[in-house]
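Colleague: Sharing a model that was predicted from the sequence below.
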Amino acid sequence: MSLEHRQTAPAYAAVQYAMRVLATVDRHGRGVTADQLSRDISVPVDYLAPLLSMLKNEGYLDLQPDGAYVVGESAVLLGSSTRRRALSDKLKAILARLRDEVGAAVYFSRYDDG
């Protein structure tokens, strides 16, 4: 069964808003508040709040202590041309923290058939 246009239109709008939020946050570089985002993309703060929360929970945005949003690690990895290197660096950092936390050697391996 195919989806009708009116069923998918709200989803497209939500994706467009999310992309606009990410692009605007990226343009600000050092962070931008929800109020400033609201003004920049002409979307009410009430509409932005759940969207910002979702993008933060998924790692696409980070919330700084001063209340400003910056681009999160998920967004950086998604747009990175050196994604493999970035993921490898992230894994190494996680393993180092785990090693320090448990006080023992920690290994990660992957078998690739062929």
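Modeller: Received it, and whenever you're ready, just let me know what you need.
Colleague: Next, the buried residues of the longest helix anywhere in the chain.
Modeller: Taking DSSP state H as the criterion, the chain has its longest helix at helix 5-28. Buried residues in helix 5-28, counted by 16 or more other C-beta atoms under 10 Å: Ala18, Arg20, Val21, Leu22, Val25, His28. From N, CA and C alone the C-beta is placed, and that goes for glycine too.
Colleague: Return the closest of these with respect to Leu37.
Modeller: Distances from Leu37 to the buried residues of helix 5-28, taken as C-beta to C-beta, are shortest for Val21 (6.2 Å).
Colleague: is it true that the closest one touches Pro50?
Modeller: No: using C-beta atoms under 8 Å as the test, Val21 is too far from Pro50 to be in contact (11.6 Å).
Colleague: Poorly predicted segments of this structure, please.
Modeller: Within the chain, the ranges that satisfy pLDDT under 70 run 1-11, 79-84, 86, 114.
Colleague: run the last query once more with 50
Modeller: 1-3, 5 (pLDDT under 50).
Colleague: Please, where are all the helices along it?
Modeller: Counting by DSSP H, the helices of the chain are 5-28, 34-41, 45-57, 73-78, 83-102.
Colleague: now these in JSON lines, with distance to Asp66?
Modeller: Below are the helices of the chain laid out as JSON lines (distance: least, C-beta to C-beta, whole Å):
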{"stretch": "helix 5-28", "distance to Asp66": "13"}
{"stretch": "helix 34-41", "distance to Asp66": "12"}
{"stretch": "helix 45-57", "distance to Asp66": "15"}
{"stretch": "helix 73-78", "distance to Asp66": "19"}
{"stretch": "helix 83-102", "distance to Asp66": "25"}
